[in-house]
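In: Below are the sequence and a predicted model; questions follow.
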Amino acid sequence: MSSSTAAASVLAALRERGWSIAVAESLTGGLVVSALVDVPGASASLRGGVVAYDTALKSSVLGVDEGLLTAHGPVHPEVARQMADGVRRALAVDGRPADVGVSTTGIAGPASPDGQPVGTVHIGVATPEAVTVSSWVLPGGRADIRSGACAQALADVVDAVRRDGLAG
């Protein structure tokens, strides 16, 4: 599924629930928000996004535990989980957090700063019902990894919104 098709699916699923979404991106650098904004009517559900490329912003803006970042670095499943949960609160409107938070963190290359494989990606999705993380090692060069992470993040949101819609 292309990012544009996936973004349209995300927004349709959110509209069905009456939910909003907030995005926290690291390695994708705004690709997820851009894909969502490309869909007409995105403003009905999209709160906005935070590109927390600098590790310090993951803590100061998104509330990721500094000890976790010190111990494991920014590319870790728990960092993705905390980013997704944190962006819901960071982009609250009138004291109401976004219903869904999605995050991306990983290593797009060309080299790995900490020995993890290039292509390592962690995607967090937080809803009122659950927080999930999916982890991948995506193939290709830097652009391939970043676009693949964007597409996977959007697919993970659709899955979470539909799953949690059935549970709620």
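Out: That came through, no problem.
In: Could you look up the SS state of the nearest residue to V93 once chain neighbours are set aside?
Out: Leaving aside its sequence neighbours, V93 sits nearest to R47 (C-beta to C-beta, 6 or more residues apart in numbering; 6.6 Å). (Each C-beta comes from the backbone N, C-alpha and C, glycine too.) Three-state assignment for R47 (DSSP: H, G, I helix; E, B strand; the rest coil): strand.
In: And R47, how far from S34?
Out: As defined by C-beta to C-beta, to the nearest Å, R47 lies at a distance of 15 Å from S34.
In: neighbour-wise, which of these two wins?
Out: R47 (21 against 16; other C-beta atoms under 10 Å).
In: does the closest residue to L46 other than its chain neighbours sit in a helix, a strand or a coil?
Out: In space, and not counting its chain neighbours, L46 is closest to L36: 5.1 Å by C-beta to C-beta, 6+ apart. For L36, the secondary structure call by three-state DSSP comes out as helix.
In: Which strand or helix spans the most centrally placed residue in the chain?
Out: Nearest to the mean C-alpha position of the chain, counting by C-alpha atoms, centre = their mean, stands S103 at 2.0 Å. Take DSSP states H and E as the rule and S103 turns out to sit in strand 100-106.
In: I'd like to know which elements that strand is packed against.
Out: Applying 3 or more C-beta pairs under 8 Å, 6 or more residues apart in numbering; DSSP states H and E, one finds that strand 100-106 contacts strand 21-25, helix 77-90, strand 120-126, helix 142-167.
In: most packed of these?
Out: Of all those, strand 21-25 has the most neighbours on average by mean count of other C-beta atoms under 10 Å, namely a mean of 29.
In: Having no further points to raise, I will conclude here.
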